[in-house]
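Chemist: Quick one, structure for this:
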Amino acid sequence: ASTGNDGTAGAPCDAGGACPPVACVAGTSQCVGNAIATCLASGEGLADAVACAPETTCVAAGDSASCQAWVCTPGTGCQETQVIACSADGLEITVIADCAGSGKVCVEGSCKGVVCIPGAFFCAGSEAMACTADGTAAVGVDSCGGETVCVAGACVAKVCVPQTKACVGDVATTCKADGSGYELPGQACAATGELCVLGVCKAPVCVKSTAFCDGKEAMLCAADGLSAAFIDQCDDEELCKVGACVPVICPPGQQVCNDGLAIGCNGDGTAWTGAGVACAAQGQVCFEGACINQTCGNGVVEGSEACDDGNAVETDACLSGCKAASCGDGVVWVDVETCDDANADEDDGCLSTCVKDCSDRAKKVYVVTEQKVLLRFEVETLKFAQVGVLNCPGGGSPFSMSVDRDANAWVLYYGSGTKLFQVSTLDASCKSTAFSPNVGGFQVFGMGFSSNAPGSDDETLFVSGGSPFSFVSATANLGKIAMPGLGLSSLGKIQFQGGPELTGTGDAELWGFFPYQSKIGLIDKNNGSVSKQVAIPLSMSNVQAWAFAAYAGKFYLFVKAQSDPSSSVYELDPGLGAFKKVLTNVGHTITGAGVSSCAPTKAP
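Modeler: Residues are numbered from 1 along each chain as shown. Coordinates of the predicted model:
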């Protein structure tokens with residue numbers, strides 16, 4: 001053992017033989033404020049203190065110090081329903097009071113009373129309020145007024161005008177003072193057979209929403225049954241029945257004739273009585289409400305006859321049924337009418353005055369395809385419109401086509417014999433004809449209607465053709481088909497090589513398109529000679545399908561070469577010497593085109 005220079009036992013000596021004083025026991029720790037300081041190994045003193053973490057407190061126990069976590073926040077506060085006091089070091093809790101015993105809650109270290117349902121919304125007069133989460137206070141959310149009222153803690157629009165009378169269904173009631181709803185149960189008007197009107201029960205004046213008659217006036221009862229609106233004033237030829245004007249169709253209470261029936265009329269003249277007697281069934285006619293014997297055609301006007309000229313001729317002033325001829329009866333009155341189609345359509349080729357004229361359809365260009373589709377070609381817009389699909393009987397497919405002044409398309413079929421069909425340009429419906437093919441070497445042919453004189457209503461169907469295998473090199477036969485018998489007669493040879501497609505005009509011209517010569521030409525309708533030849537600046541020698549139509553001084557060529565997917569359309573203006581393609585690959589293989597002599601011959 002040794003003694004230090006200060007007399008402290010156990011003090012180590014330094015290199016100079018001196019013994020420094022010992023300040024603490026090495027390795028022990030103690031609290032320095034709220035920090036832990038540990039004794040140095042030399043015992044000379046404490047190392048730098050290490051501060052305890054937030055919400056912890058330094059506690060010394062013997063020779064050791066540690067940082068202990070708080071169990072509470074220093075000061076006064078709440079722990080569930082209890083008011084507590086937490087020590088300054090945060091390590092000790094003292095219960096001051098339990099609020100639950102007095103029916104209160106602990107809030108910020110004191111017991112407070114509950115004033116509302118926690119978290120609930122409610123109204124305080126016109127104020128919308130919200131209860132705090134602890135129920136000890138309420139805060140204003142909104143102030144209602146004007147057109148709103150507080151309901152269940154929210155401002156909502158008023159549903160009615162406060163304290164005014166109103167109807168809820170058939171119940172008469174009053175709007176509440178705050179406008180939030182109605183005072184119920186109110187008065188049930190239906191219980192007394194009345195209607196609720198503006199909050200008052202009133203007796204109806206008519207059956208609501210029902211039509212009725214007031215003399216000659218048709219009336220409609222209002223939806224509330226308290227008034228009626230005027231619907232109609234029945235004229236002298238009508239009666240009012242069940243709220244509607246009904247025509248008087250026969251003399252009241254009399255026997256009359258109705259479409260061959262001898263029949264009675266009811267008392268007010270609005271309906272027939274019984275089934276009547278069909279006079280025709282017993283070989284008689286109806287006259288003044290009775291069946292009598294009458295003979296049409298004996299030259300004597302009797303009974304219901306309008307005339308009786310003693311003959312069965314349908315085209316004179318008296319029809320065979322002893323009815324006077326008139327425009328609109330569907331029969332052409334010779335020397336008086338040029339047509340009679342029994343309708344008032346002014347655009348169907350026959351005017352309502354029974355004068356023949358071109359219809360709008362007869363002035364259009366039409367084409368037919370290998371796939372049996374009839375199309376209208378609108379020259380002005382260069383667009384196609386489908387008319388329909390041909391349903392012509394038998395085999396084969398369209399070879400050529402033309403159109404007459406009555407807007408009928410005449411379509412030649414080839415492939416299962418040669419057949420000529422009449423096709424409607426309205427709906428593409430097809431009719432068979434009595435045409436006899438293969439007369440005079442016309443196995444197949446192109447077609448074109450041409451007027452017989454410039455501006456004439458009369459026209460002729462010209463054809464040019466022969467064998468389908470000689471169209472490239474042979475000269476075609478020129479012929480015509482008489483209407484309406486469809487007799488084919490030959491006129492000679494067309495004096496130009498190759499089988500042409502034809503188109504006629506209202507100027508009495510007949511033109512041919514010679515694809516293998518790449519030309520068009522004017523054909524003499526008497527001898528087949530070709531003049532006014534116009535060269536096409538494009539080789540057509542490899543065409544597979546072609547058609548041709550004249551319109552307003554120009555020509556339209558519908559051509560499909562062997563390598564093309566479908567036909568293209570070219571426009572040729574011989575007056576200007578202009579030629580151009582206007583449509584490419586239209587999606588159809590066009591084998592025929594037609595335009596009647598009604599079409600315009602000059603540009604507008």
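
Chemist: ok, now which ones touch the residue nearest to residue 73 when sequence neighbours are not counted?
Modeler: Counting by Cβ to Cβ, 6 or more residues apart in numbering, residue 73 lies nearest to residue 86, which is 5.7 Å off, once chain neighbours are set aside. Heads up, the C-betas are built off the backbone N, CA and C, glycines and all. With Cβ atoms under 8 Å, 6 or more residues apart in numbering as the criterion, the residues that contact residue 86 are 70, 71, 72, 73, 74, 75, 76, 77, 92, 93, 94.

Chemist: are any of the residues you listed buried, and which?
Modeler: 70, 72, 74, 77 (16 or more other Cβ atoms under 10 Å).

Chemist: For the last one, list the residues it contacts.
Modeler: Taking Cβ under 8 Å, 6+ apart, we find residue 77 in contact with 83, 84, 86, 108, 109.

Chemist: got the CA positions of the helix or strand hosting it in PDB?
Modeler: For residue 77, the element it lies in under DSSP states H and E is strand 75-79. Once non-C-alpha atoms are left out, strand 75-79 reads as follows in PDB (Å, rounded to 0.1, in the frame of the first residue of the first chain):
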ATOM      1  CA  GLY A  75     -48.500  19.100 -15.100                       C
ATOM      2  CA  THR A  76     -52.200  18.600 -14.800                       C
ATOM      3  CA  GLY A  77     -54.100  16.600 -17.500                       C
ATOM      4  CA  CYS A  78     -56.500  13.800 -18.300                       C
ATOM      5  CA  GLN A  79     -56.200  10.100 -18.300                       C
END
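
Chemist: Check the offset of it from the chain's centre.
Modeler: Here the centre of strand 75-79 is set off from its chain's centre by 74 Å, with Cα atoms, centre = their mean, to the nearest Å.

Chemist: and after it, which helix or strand comes next?
Modeler: Later in the chain than strand 75-79, the nearest helix or strand by DSSP H and E is strand 82-86.

Chemist: quick one, that following strand and strand 75-79 angle?
Modeler: For strand 82-86 against strand 75-79, the angle by axes from the mean of the first three to the mean of the last three Cα atoms, to 10 degrees is 140 degrees.

Chemist: Report the rounded mean pLDDT for strand 82-86.
Modeler: Mean per-residue pLDDT for strand 82-86: 87.

Chemist: Buried residues, that strand. List them.
Modeler: For strand 82-86, by 16+ other Cβ under 10 Å, it's 82, 83, 84, 86.

Chemist: and of the residues you listed, the nearest to residue 332?
Modeler: residue 82 (118.2 Å; Cβ to Cβ).

Chemist: and stretch 516-535, what's its mean pLDDT?
Modeler: Stretch 516-535 comes out with an average pLDDT of 93.

Chemist: Revised request: answer the last question for stretch 403-413.
Modeler: 95.

Chemist: quick one, strands of the stretch 451-600 of the chain?
Modeler: Along the stretch 451-600 of the chain, the segments classed as strands by DSSP state E, counting those that start in this stretch run 459-466, 475-481, 488-497, 501-504, 510-514, 519-523, 530-535, 543-551, 554-561, 568-573, 578-583, 590-595.

Chemist: Can you tell me the strand partners of the longest one and which way each runs?
Modeler: The sheet places strand 488-497 alongside strand 475-481 (antiparallel), with pairing taken from DSSP bridges.

Chemist: can you check the last one too?
Modeler: In the sheet, strand 590-595 lines up against strand 365-369 (antiparallel) (DSSP bridges).

Chemist: neighbouring contacts of the host helix or strand of residue 245?
Modeler: For residue 245, the host element (DSSP H and E) is strand 244-247. The contact list for strand 244-247, computed with Cβ under 8 Å, 6+ apart, reads 211, 218, 231, 232, 233, 234, 235, 237, 238, 239, 240, 270.

Chemist: Pairing partners for the closest residue to the last one other than its chain neighbours in the sheet, please.
Modeler: Here the nearest residue to residue 270 in space, its sequence neighbours aside, is residue 246; by Cβ to Cβ, 6+ apart that works out to 5.0 Å. Legend: beta-bridge partners of residue 246 under DSSP bridges are residue 239.

Chemist: Residue 101: what secondary structure?
Modeler: helix (DSSP: H, G, I helix; E, B strand; the rest coil).

Chemist: I'd like the distance between it and residue 82.
Modeler: Distance of residue 101 to residue 82, given as Cβ to Cβ, to the nearest Å: 10 Å.

Chemist: What mean pLDDT does stretch 445-453 get?
Modeler: Mean per-residue pLDDT for stretch 445-453: 95.

Chemist: For the strands of the stretch 451-600 of the chain, give me CSV that also has distance to residue 422 and mean neighbour count.
Modeler: Below are these laid out as CSV (distance: least, Cβ to Cβ, whole Å; neighbours: other Cβ atoms under 10 Å):
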stretch, distance to residue 422, mean neighbour count
strand 459-466, 12, 24
strand 475-481, 12, 22
strand 488-497, 15, 17
strand 501-504, 18, 30
strand 510-514, 21, 26
strand 519-523, 24, 22
strand 530-535, 30, 14
strand 543-551, 19, 24
strand 554-561, 22, 22
strand 568-573, 26, 18
strand 578-583, 28, 13
strand 590-595, 12, 29
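
Chemist: is it possible to export the ones you listed to JSON lines including distance to residue 430?
Modeler: Listed next are these as JSON lines, based on distance: least, Cβ to Cβ, whole Å:
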{"stretch": "strand 459-466", "distance to residue 430": "18"}
{"stretch": "strand 475-481", "distance to residue 430": "18"}
{"stretch": "strand 488-497", "distance to residue 430": "20"}
{"stretch": "strand 501-504", "distance to residue 430": "21"}
{"stretch": "strand 510-514", "distance to residue 430": "26"}
{"stretch": "strand 519-523", "distance to residue 430": "29"}
{"stretch": "strand 530-535", "distance to residue 430": "33"}
{"stretch": "strand 543-551", "distance to residue 430": "19"}
{"stretch": "strand 554-561", "distance to residue 430": "21"}
{"stretch": "strand 568-573", "distance to residue 430": "25"}
{"stretch": "strand 578-583", "distance to residue 430": "27"}
{"stretch": "strand 590-595", "distance to residue 430": "14"}
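
Chemist: among those strands, which is nearest residue 181?
Modeler: Short answer: strand 578-583, nearest of the strands of the stretch 451-600 of the chain by Cβ to Cβ, at 72.5 Å.

Chemist: tell me the angle the closest one makes with strand 568-573.
Modeler: Counting by the same axes, to 10 degrees, strand 578-583 lies at 150 degrees to strand 568-573.

Chemist: pLDDT on stretch 127-136, on average?
Modeler: pLDDT averaged over stretch 127-136 gives 85.

Chemist: Dump the C-alpha coordinates for it into CSV.
Modeler: The C-alpha trace of stretch 127-136 is given here as CSV (Å, rounded to 0.1, in the frame of the first residue of the first chain):
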residue,chain,number,x,y,z
GLU,A,127,-77.8,28.2,-36.9
ALA,A,128,-76.3,24.9,-38.1
MET,A,129,-74.2,23.6,-35.3
ALA,A,130,-71.6,20.8,-34.9
CYS,A,131,-70.9,19.1,-31.5
THR,A,132,-67.3,18.6,-30.5
ALA,A,133,-65.9,15.1,-30.3
ASP,A,134,-66.0,15.3,-26.5
GLY,A,135,-69.6,16.6,-26.4
THR,A,136,-68.7,19.6,-24.1
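
Chemist: OK, contacts around the residue lying closest to residue 398 once chain neighbours are set aside?
Modeler: Computed as Cβ to Cβ, 6+ apart, the closest residue to residue 398 that is not its neighbour in sequence is residue 368, at 4.4 Å. Contact partners of residue 368, counting by Cβ under 8 Å, 6+ apart, are 374-375, 390, 398, 401, 409, 411, 423, 590-594.

Chemist: again with residue 533
Modeler: 519, 520, 521, 522.

Chemist: All set, thanks.
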